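K.L.:
Test case, fold it:
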Amino acid sequence: DEYSLMAEAEESHWWYLGLHDVLLQTLTNMDDGLTSGARVFDAGCGTGGSLAFLASRFDLSYLGGIDISPRAIEIAASKVPTADLRIGDICGSRAPPKDLDLVTCLDVVNIPGITKSLIGLRELVSAIRPGGLFVLNVPAYGWLYSEHDIAVHSIERYSLRETRRIMEELGLDIAVLTYRLCALFVPLVLLRLRSVLGPLPAQTDAQSDLHRKSSRGLNRLLFTILRIENRLISRGVRFPFGTSVYAVGRKG
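P.N.:
Prediction:
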């Protein structure tokens, strides 16, 4: 059920639109960003929304991805038929292609946890060409762990300091490191507060935030707020708090 919701939401939900927009803003506005003919790989591609977005915005010579779920790969293949998609695990069960210009890992590390993910992340970084980019997005703050995290099988959330440590352990030069969704932080925390403070449901009963439907007008407003925030991030502004942490590292 969550995969079906994700597949639909990636094209219209304000959260996914905001994530894709921050990718676009940072990759197009940073020095030596993504160039024509780039080779791109999405580690934990889910139902393919980010792959489809990148393919629509950039001239790519290679587009690939892995996900542990055969169902997710099936949906992703329907969205991006030309992509090289494989069933695989970011914990390191399959070696990625070589000479990549960009590897993205968007809200994936938090599912198995960083301890299990590090070996696989090192393999991914080793596949990036010198000067290439690695993009990491993770949920913020362990104290915000809620029903949503249970529904998407997430076991960890991260601080800015912990995310910096991950990027440094991978040997990357940090180009961008900031919290995201800063302007929406208070309403999002309030929305989850009951789940954060109360007893958490069992895995089989948990529902993600995607089950909460927003009106078209509210969805547009929330995305507009994120677009403004993303533009500031691309211009060097770093936010002191938020519900996600966003990092871009460059391989030396």
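K.L.:
Tell me the bridge partners for the nearest residue in space to Leu160 that is not next to it in sequence.
P.N.:
Nearest non-adjacent residue to Leu160, counting by Cβ to Cβ, 6 or more residues apart in numbering: Val245, 5.8 Å away. Heads up, the C-betas are built off the backbone N, CA and C, glycines and all. Beta-bridge pairing of Val245 under DSSP bridges involves Val138, Tyr179.
K.L.:
distance of Val245 from Arg157?
P.N.:
9 Å (Cβ to Cβ, to the nearest Å).
K.L.:
shared neighbours, the two?
P.N.:
Residues within reach of Val245 and of Arg157 at once, by Cβ atoms under 8 Å, 6 or more residues apart in numbering, are 138-140.
K.L.:
can you give me the helices for the stretch 151-252 of the chain?
P.N.:
Here the stretch 151-252 of the chain has its helices, by DSSP state H, counting those that start in this stretch, at 160-169, 185-197, 216-234.
K.L.:
Distance from the chain centre to the last one, please.
P.N.:
When you say that, I think you mean helix 216-234. 17 Å (Cα atoms, centre = their mean, to the nearest Å).
K.L.:
Quick check: which helices or strands does that helix pack against?
P.N.:
Other elements packing on helix 216-234 under the criterion 3 or more Cβ pairs under 8 Å, 6 or more residues apart in numbering; DSSP states H and E are helix 14-29, strand 172-180.
K.L.:
go on, the first one?
P.N.:
Using 3+ Cβ pairs under 8 Å, 6+ apart as the contact criterion, the elements in contact with helix 160-169 are helix 114-126, strand 128-139, strand 172-180, strand 244-251.
K.L.:
just to revisit the earlier point, nearest to Ala202 among the shared contacts of Val245 and Arg157?
P.N.:
Lowest distance from Ala202 to the shared contacts of Val245 and Arg157 (Cβ to Cβ) belongs to Pro139, with 20.4 Å.
K.L.:
State the number of residues packed around the closest one.
P.N.:
Neighbour count of Pro139, defined by other Cβ atoms under 10 Å: 21.
K.L.:
cool, Ile228 as well?
P.N.:
11.
K.L.:
Reformat the helices and strands packed on helix 216-234 as JSON lines; add mean neighbour count, distance to Ile233 and mean pLDDT.
P.N.:
JSON lines is the format used below for the helices and strands packed on helix 216-234 (neighbours: other Cβ atoms under 10 Å; distance: least, Cβ to Cβ, whole Å; pLDDT from 0 to 100):
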{"stretch": "helix 14-29", "mean neighbour count": "20", "distance to Ile233": "6", "mean pLDDT": "96"}
{"stretch": "strand 172-180", "mean neighbour count": "19", "distance to Ile233": "6", "mean pLDDT": "97"}
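K.L.:
now for those, which one comes closest to Thr104?
P.N.:
helix 14-29 (7.2 Å).
K.L.:
quick one, the closest one and helix 185-197 angle?
P.N.:
130 degrees (axes from the mean of the first three to the mean of the last three Cα atoms, to 10 degrees).
K.L.:
helix or strand right after helix 14-29?
P.N.:
strand 38-43 (DSSP states H and E).
K.L.:
how big is the angle separating that next one from helix 14-29?
P.N.:
Using the same axes, to 10 degrees: strand 38-43 against helix 14-29 is 150 degrees.
K.L.:
Can you list the helices and strands that strand 38-43 packs against?
P.N.:
Secondary elements touching strand 38-43 (3+ Cβ pairs under 8 Å, 6+ apart): helix 49-57, strand 60-67, strand 100-106, helix 114-126.
K.L.:
just how off-centre is that strand within its chain?
P.N.:
13 Å.
K.L.:
what's in contact with that strand?
P.N.:
By Cβ under 8 Å, 6+ apart, strand 38-43 touches 34, 50-51, 54, 58-66, 90, 96-97, 99-106, 108, 120-121, 124, 127.
K.L.:
distance of the residue nearest to Leu160 from Glu147?
P.N.:
Taking Cβ to Cβ, one finds Val245 at 21 Å from Glu147.
K.L.:
who has more neighbours, these two?
P.N.:
Val245 (25 against 20).
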